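[1] kindly generate the corresponding structure for this input.
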Amino acid sequence: MIEVTFLTNGGKTVTAPENSNLLRVSLREQGGIPFKCGGGLCGTCKCRIEKGIENTDAIKPKERKHLTEEQFAVGYRMACQTFLTGSVSVSWTPRPALQPVGRVAVDGD
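    Residues are numbered from 1 along each chain as shown. Coordinates of the predicted model:
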């Protein structure tokens, strides 16, 4: 078993089998990595491997459509495309909370 630490989610640490997909671990364990498509099309699950980048598999072509070489160099990956061979610590930019929509005044209110 390997350990995955979700730094942006208060440092939550979970265990997972080796060769697990990072996004699937996050979903199963409520790690908090944001996502939309889960298939490498949207780039929403961009995250940074802060520790243990050597414990990730090779960069996929789908990741190259969303991330630059500079981002890869500092540890960015797409969680949906990343499989883990060992323990990692991961962070991401939290999605902004939805702001409540104000009530629109109507004539006669």
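
[2] got the buried residues for the helix or strand hosting S26?
    Assessed by DSSP states H and E, S26 sits inside helix 22-29. Buried residues in helix 22-29, defined by neighbour count with 16 or more other C-beta atoms under 10 Å: L22, L23, V25, S26, L27, E29. Every residue, glycine included, has its C-beta placed from N, CA and C.

[3] and that helix, average pLDDT?
    Here helix 22-29 scores 98 as its mean pLDDT.

[4] same deal with stretch 78-91?
    98.

[5] output it as CSV, nothing but the C-alphas.
    Taking Å, rounded to 0.1, in the frame of the first residue of the first chain, the C-alpha atoms of stretch 78-91 are listed here in CSV:
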residue,chain,number,x,y,z
MET,A,78,-3.5,15.9,-14.3
ALA,A,79,-4.9,13.6,-11.6
CYS,A,80,-7.1,11.6,-14.0
GLN,A,81,-4.1,10.6,-16.1
THR,A,82,-1.6,9.9,-13.2
PHE,A,83,-1.0,6.5,-11.7
LEU,A,84,1.0,6.1,-8.5
THR,A,85,3.8,3.7,-7.9
GLY,A,86,4.6,5.0,-4.5
SER,A,87,3.6,7.6,-1.9
VAL,A,88,2.9,11.2,-2.9
SER,A,89,1.7,14.5,-1.4
VAL,A,90,-0.5,16.6,-3.7
SER,A,91,-1.9,20.1,-3.7
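
[6] pull out the buried residues from that stretch.
    M78, A79, C80, Q81, T82, L84, S87, V88, S89, V90, S91.

[7] secondary structure added to these, as CSV?
    Formatted as CSV, these follow (DSSP: H, G, I helix; E, B strand; the rest coil):
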residue, secondary structure
M78, strand
A79, helix
C80, helix
Q81, helix
T82, coil
L84, strand
S87, coil
V88, strand
S89, strand
V90, strand
S91, strand
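
[8] export the buried residues of helix 22-29 to TSV and tack on distance to T68?
    Converted to TSV, the buried residues of helix 22-29 look like this (distance: C-beta to C-beta, whole Å):
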residue	distance to T68
L22	19
L23	20
V25	25
S26	23
L27	26
E29	29
